[in-house]
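Q: Provided below for reference: sequence and predicted model.
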Amino acid sequence: MGLVCRLLEERGIATTYVATGRDLAALVNPPRALFVNHPMGNNFGAAGDRETQTAIMRAALGLIESATEGGIIVDMPTYWEKEFSFGPGGGGS
Amino acid sequence: MEWIRYVDTLNDHYRSQGNPPYRWSVNESAPLHRLSKPLTECKVSVLTSGGVSQCAMPAFNPNAKNDHRLDAIAFDTESSDFQVHDNYYDHTDAEEDINCIFPLDRLRELADKGEIGSVAPRLWSGFMGRIYNRTKIAEESGPAFANALLADGVDILLAAPT
């Protein structure tokens, strides 16, 4: 999806890539990435946590205005209560 | 907690499945389009690659490879009208509240509050992971998506990869 963001940017559409994988984002290097250290699939927060979901949306939109060079990765100040892992092919926890 | 090293984990998994080594896209630089108007005047859309489809649509293949399917979802779709099929992440939360991965309620609220100009008429789900044939993204599915967004007058796309 980072490739799609790069392509859209070249067509005049501004993008923010809201990533839970910091290493994945760094490789593909989208124009703007907001790294959210949550489990994959909780890019905007936990179920029912409207406050965090809105905060991450605002941060992603804020990057649209504040970024001055392509390839920026900003770390979202966030906290996930439980330890989590990633298990491809069988989900994670 | 420390962030997860997805690249190493996925490389091991793909190898264990007998797949060829995944060729990660590595880009040294990135383009940037700066907007000439404030957020309050911008039309915003969202894209998820999390195997999210409306209940009346076919489910995404949870083990998809090279799936360039892209669903357009009307901006006013009820947030309860979704199913999630993707075996590469835990979508328990997303099934309970689709805004975890596809924040259409939050986007509509920001428009109602005047923090963005408007919600685009179409929101998007597709480009699931494990796409090996990236030339097709560059030459076909990517440009077609850009054309659709431009036809809708979209200024900003927020992308939620899985």
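A: Good, I have the coordinates. Numbering: from 1, shown residues only, chains lettered A, B, ... in the order given.
Q: Spatially central residue for chain B, please.
A: Centroid-nearest residue in chain B: B:T48, 2.2 Å away (criterion: Cα atoms, centre = their mean).
Q: who touches residue 83 in this structure?
A: Picked chain A for this. By Cβ atoms under 8 Å, 6 or more residues apart in numbering or on different chains, A:E83 lies in contact with B:M1. Using the backbone N, CA and C atoms, a C-beta is placed for each residue, glycine as well.
Q: Actually, chain B is the one I wanted.
A: For B:Q83, the contact set (Cβ under 8 Å, 6+ apart) comprises B:V52, B:S53, B:Q54, B:C55, B:A59, B:E95.
Q: Show me where chain B has its helices.
A: B:6-16, B:92-96, B:104-112, B:134-136, B:142-151 (DSSP state H).
Q: in the lowest-mean-pLDDT helix or strand in chain A, what's buried?
A: Ranked by mean pLDDT, DSSP states H and E, the weakest helix or strand in chain A is helix A:22-28, scoring a mean of 93. Buried residues in helix A:22-28, counted by 16 or more other Cβ atoms under 10 Å in any protein chain shown: A:R22, A:D23, A:L24, A:A25, A:A26, A:V28.
Q: which intervals of chain A have sub-threshold pLDDT?
A: By pLDDT under 70, the low-scoring segments of chain A are A:89-93.
Q: hang on, A:E10 packs against B:A30?
A: No. With contact defined as Cβ atoms under 8 Å, A:E10 does not reach B:A30; the gap is 10.1 Å.
Q: And the contacts of the helix or strand bottoming out on mean pLDDT in chain B?
A: Lowest mean confidence among the helices and strands of chain B (mean pLDDT, DSSP H and E): helix B:134-136, at a mean of 84. Helix B:134-136 has contacts (Cβ under 8 Å, 6+ apart) with A:L3, B:S25, B:N66, B:H68.
Q: Let me know the closest of these to A:E65.
A: Proximity to A:E65 was ranked across the contacts of helix B:134-136 by Cβ to Cβ; first place goes to A:L3, at 23.7 Å.
Q: right, so of the helices of chain B, which gets closest to A:E69?
A: With Cβ to Cβ as the criterion, A:E69 lies closest to helix B:142-151 of the helices of chain B, at 21.7 Å.
Q: and that closest one, average pLDDT?
A: Computed over helix B:142-151, the mean pLDDT rounds to 97.
Q: Put the alpha carbons of that helix into CSV.
A: Output in CSV follows, covering the C-alpha atoms of helix B:142-151 (Å, rounded to 0.1, in the frame of the first residue of the first chain):
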residue,chain,number,x,y,z
GLY,B,142,-2.6,2.1,-8.9
PRO,B,143,-3.3,4.5,-11.8
ALA,B,144,-6.9,3.4,-12.0
PHE,B,145,-7.3,4.1,-8.3
ALA,B,146,-5.7,7.5,-8.7
ASN,B,147,-8.1,8.3,-11.5
ALA,B,148,-11.1,7.3,-9.3
LEU,B,149,-9.9,9.5,-6.5
LEU,B,150,-9.3,12.4,-8.9
ALA,B,151,-12.8,11.9,-10.4
